[in-house]
Structures are given as C-alpha cells and as structure tokens.
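Peer 1: Here is my input, please return the structure:
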Amino acid sequence: MMPTNVSGGHIVRWTLFILSILIGAAAAWLIKDILMLSLTSIVFSILLTTPVRFFVRRGLPRALAILFTVALIIATISLASAAILPALLDQFQILVGTALPRAWELIQQELQPEVLTARYPFLKGFIEQNDLPNQLLQQIVAAVGSLSSQVFPFLGSVVGTFISFVIIVFLSLYFIADPNTHWRGMLRLVPIYYRPRAREILARLDFTLRRFLQAQITIMVLTGLLTTVGLGVVGVPLSGALGVITGLFSFIPNFGPLIAVIPTLAVAIINTPNQLLLVFVVFFGIQLVVSQVISPMMIGQEVSIPPAMILLAQLIAGVFFGFLGLLLSVPLAIIVIVMVREVYVHDILGDTDKGKRSTVELEAILSDKL
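Peer 2: Prediction:
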C-alpha cells in the first residue's frame, strides 16, 4: 500500500530524475574518449597556468604571458634535449635493441626443461607431466603483449595519438587564453542562488589540482634523479634511461613502479645478476622514501588522498577508460573527493568543518583567478 504522504507527482519527478541520470550516464559513456581528452586538456591547462599567473602578476598582458610561457617551455625542452638527449638516446637504443632482447633470451634458457630439472630435481615429474616451461613462456608472452597494448596504446596508432595530442594542446591554450569565459559558462549551469557557492567549489578544485600537479612534477623529477644515481652507484648500466622511465611512470601511483621495474630488472639480469636483490632493494627503497616521506611533505594535507582511495580510483578508471583513465585516476579522485566534501558533506549534511575552512584561505583561493 502506497504511503499517504507520497503523491503521484513525487513519483513522476523522481522517475524523471532517475531516467535523466541514466540517460546522461549513457551519453557520457558514448563520448567517454572525448571527455577524457577534455579532462586531459583541463589538467594540462591548470599546470600551465602557474607560470602564466606568475608573469601576469608582474605586469605582463595575459596574451604575452601565454606566449612567453610557451616559448620558455620550448626553450627549456630544447636546451635539456641538447644537453642530455644524445646520451639518453644511446642508452635507450641499447636498452631496446640489446638489453631487453638479451634478457628475454636468458629467461627462455632458464625455463628449459633440462635446466629446471637439473636445478630443481624434485620438480622433474611435475615439469614433464604439465609441460611447465612452455606454459610459463606462453603466459609471459601473453602478459607482455597485454601490458604493451594497455601501457603503450600509442604504438598501435601513431596518427591517432598525434591527433589527440594536437587536440589537447589547442584545447589547453584556449582554456588558458580566456579562462573567465569558461568559468562563467560553468557557473551558468547551476541555479542562480547557488552560483557564489559554486564559484568557491570551482576555485577549490582549481587550487587543489594545481597543488597536486606542481608537487607531482617535482616528485617525478626527484624520482628520476634518485633512481639514476642509485642504480649508477650499484653498478647498473643504462641508469640514465632507466631513471627517465621510472620518473615518467612515477606519475601513476602503485602501478607505475611495477611497470618501470621490468626494464630495470632486465638490465640487472644481464649485467649484474649477482646484485639482483640489491638492485631490487635500491629501486623499491627509493620508491618507499618518495611515497612515504617526500610525497606527503610536498603534497600536504589539502591534496592528501587515502591510499585505498587511490587504488580504487585506478582500478575503476583503468577498467572504464583504459590507460588514459589510469593516468588521470588521481586527478579524477581529487575531483570526486572535493565535490563530495564540498557539495554533499558541507552543503547537504551541514558539516562545515570550520577547522579546515579558513576564511583567509578561501579568500586567497578566490582572488587567484583562472
């Protein structure tokens, strides 16, 4: 029996509301690639706004500040490439052309039945009955193939990747060139009475994402340098190339180090097999120091995300959006956490959390325009 306080109008409104959410979710799923490109552009533009704001605050017109920022980035990349790129290219050529194929040959040799039975006699019957070496090799090949398609999807579509990169660059420049138009456009999507509050929430999102990205870039550089020095001290060759790979993949928590350790162990197997355990300890020791000491100090409490939340966000984003979702899983988690905290916890539940919501801090964020 239907309760007396529930009218037919309420049922219709709630039904239409739920249908609208389902239709919106279906539409978002159909254009998920475009949405991920847009999010990448937004994240990239937020990162670029730091130097742009620096120059604007010192009197440069915004258009000139953007041009100066782009020129500065190009000049920095060019100088760094001229200084270290030749040596790194040589190391990458050796890594891809010699070290990794040689490591694969050694793995195949070690998995030969006669080698395994000689080394582990108690496994002789099991190996012969189950054809264990061939099964292991097939699983390794399948895992590497799957990993390559997920982690390096651009290898199969160079043209598509180039087009996506161009779209991201131009979208980012448009966002930076006229941020107030996009800012006002987003505010018009909410009711008039809620627009001042929506402005605060958007400002906090921008502030939080910017702090995270600035800290993450610094962490990537530190991780690359520490890995290069640590592997060099241990005696692992190609430490520069391995450090660059580790630094780049450190942008992806949890899964990044697991991907970056593969070429490191491959080089260690060939050149320093007796120090394999030491290389493993040095590599993950650096990761532990960075994740548990350096990262919390640089990112701080405002951008702090529970490790379980990061892992959950990576699993969900990776399943639904592939490698790009995995790459942007932490920014996505930040957006969700800030929206839940500001809209649901603060506005709906009424938990103002005054200890963390300083008026001075909020005014500072709001005064820092896009």
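Peer 1: can we go C-alpha only for contacts and neighbour counts from here?
Peer 2: Noted.
Peer 1: quick one: low-confidence ranges for the chain?
Peer 2: 1-10, 80-92, 94-97, 99-100, 103-104, 106-161, 299-304, 352-370 (pLDDT under 70).
Peer 1: top helix in it by residue count?
Peer 2: Using DSSP state H to define each element, the chain has its longest helix at helix 195-234.
Peer 1: C-terminal to it, what's the next element?
Peer 2: Once the chain leaves helix 195-234, the next helix or strand it forms, by DSSP states H and E, is helix 239-249.
Peer 1: Need the CA coordinates for stretch 256-274. PDB is fine.
Peer 2: Output in PDB follows, covering the C-alpha atoms of stretch 256-274 (Å, rounded to 0.1, in the frame of the first residue of the first chain):
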ATOM      1  CA  GLY A 256      53.900   3.000 -12.300                       C
ATOM      2  CA  PRO A 257      56.800   1.500 -10.300                       C
ATOM      3  CA  LEU A 258      55.700  -2.100 -11.100                       C
ATOM      4  CA  ILE A 259      55.900  -1.200 -14.800                       C
ATOM      5  CA  ALA A 260      59.200   0.700 -14.500                       C
ATOM      6  CA  VAL A 261      60.900  -2.100 -12.600                       C
ATOM      7  CA  ILE A 262      60.600  -4.500 -15.600                       C
ATOM      8  CA  PRO A 263      63.300  -2.900 -17.700                       C
ATOM      9  CA  THR A 264      65.400  -2.300 -14.600                       C
ATOM     10  CA  LEU A 265      65.500  -5.900 -13.600                       C
ATOM     11  CA  ALA A 266      66.000  -6.900 -17.300                       C
ATOM     12  CA  VAL A 267      69.200  -4.900 -17.400                       C
ATOM     13  CA  ALA A 268      70.300  -6.100 -14.000                       C
ATOM     14  CA  ILE A 269      69.800  -9.800 -15.000                       C
ATOM     15  CA  ILE A 270      72.200  -9.300 -17.900                       C
ATOM     16  CA  ASN A 271      74.900  -7.100 -16.400                       C
ATOM     17  CA  THR A 272      74.800  -7.600 -12.600                       C
ATOM     18  CA  PRO A 273      73.000 -10.900 -11.900                       C
ATOM     19  CA  ASN A 274      74.800 -11.300  -8.600                       C
END
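Peer 1: Excluding its own residues, what touches that stretch? List them.
Peer 2: 95, 99-100, 102-103, 235-238, 242, 245-246, 249-250, 275-276, 279-280, 283, 287 (Cα atoms under 8 Å, 6 or more residues apart in numbering).
Peer 1: buried stuff in the longest helix of the chain?
Peer 2: Within helix 195-234, the residues that qualify as buried are 195, 197-217, 219-231, 234, counting by 16 or more other Cα atoms under 10 Å.
Peer 1: I'd say Val290 and Ile219 touch.
Peer 2: Yes: using Cα atoms under 8 Å, Val290 is in contact with Ile219, at 7.4 Å.
Peer 1: leaving aside the residues next to it on the chain, what's closest to Leu37?
Peer 2: Nearest residue to Leu37, sequence neighbours excluded (Cα to Cα, 6 or more residues apart in numbering): Ile168, at 6.4 Å.
Peer 1: Okay, and the one you found sits in which element?
Peer 2: Element membership for Ile168 (DSSP H and E) is helix 158-177.
Peer 1: Okay, angle between the longest helix of the chain and helix 239-249 too, please.
Peer 2: 160 degrees (axes from the mean of the first three to the mean of the last three Cα atoms, to 10 degrees).
Peer 1: who does helix 195-234 touch, helix- and strand-wise?
Peer 2: If contacts are counted by 3 or more Cα pairs under 8 Å, 6 or more residues apart in numbering; DSSP states H and E, helix 195-234 sits against helix 32-57, helix 179-187, helix 239-249, helix 276-289, helix 295-299, helix 329-339, helix 359-367.
Peer 1: Swap in 10 Å and give it another go.
Peer 2: helix 32-57, helix 179-187, helix 239-249, helix 255-271, helix 276-289, helix 295-299, helix 329-339, helix 359-367 (3 or more Cα pairs under 10 Å, 6 or more residues apart in numbering; DSSP states H and E).
Peer 1: For the ones you listed, give me CSV that also has mean neighbour count and distance to Phe68.
Peer 2: Output for those, formatted as CSV (neighbours: other Cα atoms under 10 Å; distance: least, Cα to Cα, whole Å):
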stretch, mean neighbour count, distance to Phe68
helix 32-57, 18, 8
helix 179-187, 14, 17
helix 239-249, 24, 26
helix 255-271, 19, 33
helix 276-289, 16, 35
helix 295-299, 16, 27
helix 329-339, 19, 27
helix 359-367, 12, 23
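Peer 1: can you tell which of the ones you listed is closest to Ile66?
Peer 2: Ile66 sits nearest to helix 32-57 of all the helices and strands packed on helix 195-234, at 5.8 Å, using Cα to Cα.
Peer 1: Okay, Ser45 and Asp178: tell me how far apart.
Peer 2: According to Cα to Cα, to the nearest Å, Ser45 and Asp178 sit 11 Å apart.
Peer 1: Check Ile294 too.
Peer 2: For Ile294 relative to Asp178 (Cα to Cα), the value is 35 Å.
Peer 1: Who has more neighbours out of the two?
Peer 2: With neighbours defined as other Cα atoms under 10 Å, Ile294 and Asp178 compare such that Ile294 has more, 16 against 13.
Peer 1: for that one, what are its contacts?
Peer 2: Applying Cα atoms under 10 Å, 6 or more residues apart in numbering to Ile294 gives the contacts 215, 219, 222-223, 287-288.
Peer 1: Save the residues you listed as CSV, and put in distance to Tyr344 too.
Peer 2: Below are the contacts of Ile294 laid out as CSV (distance: Cα to Cα, whole Å):
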residue, distance to Tyr344
Ala215, 27
Ile219, 32
Leu222, 37
Thr223, 36
Gln287, 35
Leu288, 34
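Peer 1: Now do the longest helix of the chain and helix 329-339, the angle between them.
Peer 2: Computed by the same axes, to 10 degrees, the angle separating helix 195-234 from helix 329-339 equals 150 degrees.
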